[in-house]
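Peer 1: this one's sequence-less:
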């Protein structure tokens with residue numbers, strides 16, 4: 001793990017100490033990511049010929065690209081596989097109807113706030129630094145694949 005990523009994870013961990021809060025994040029963050037990318041995929045631009053294509057130009061791909069660039073900056077070894085996971089999240093989110101995207105977004109955020117209010121008793125990390133909204137998904141992925149500072 002690079003020092004840049006270790007520093008951001010250490011900061012993030014200050015707001016995620018309790019097991020209950022961690023569990024709510026393992027549930028809520030993937031729901032938020034999938035539904036957010038799906039919602040953003042609804043905002044398309046460019047040639048009409050691409051609108052039914054997987055590679056159609058839309059804000060979901062823009063978000064994926066910007067997040068992937070940031071993750072590559074932090075730690076390319078973790079960013080490469082996570083970028084592929086994000087493509088899967090995008091495709092799942094894009095395939096869902098609008099109502100499902102909204103419901104997943106609401107459930108995901110409720111889960112986050114339950115974790116912070118009931119278990120952590122501390123505000124979410126992004127209240128102090130909005131970039132923590134990008135660290136959360138990477139943190140969940142890193143923990144799931146056991147990507148630790150020992151690497």
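Peer 2: Nice, I can see it. Computed from a prediction, not measured in an experiment: that's the story for all the values here.
Peer 1: just for the protein, where's the confidence low?
Peer 2: Regions of the chain meeting the criterion pLDDT under 70 cover residues 47-55, 149-151.
Peer 1: for it, which helix is longest?
Peer 2: Ranked by residue count under DSSP state H, the longest helix found in the chain is helix 19-40.
Peer 1: what are the contacting residues of that one?
Peer 2: For helix 19-40, contacts defined as CB atoms under 8 Å, 6 or more residues apart in numbering pick out 16, 58-60, 62-64, 86, 89-90, 92-96, 98, 100-105, 107-112, 114-116, 118-120, 136-137, 139-140, 143-144. From N, CA and C alone the C-beta is placed, and that goes for glycine too.
Peer 1: of these, just the buried ones, PyMOL syntax please.
Peer 2: Selection of buried members from the contacts of helix 19-40 for PyMOL, criterion 16 or more other CB atoms under 10 Å:
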select buried, resi 16+58+59+60+63+64+86+89+90+92+93+94+96+101+104+105+108+111+112+114+115+116+119+120+136+137+139+140
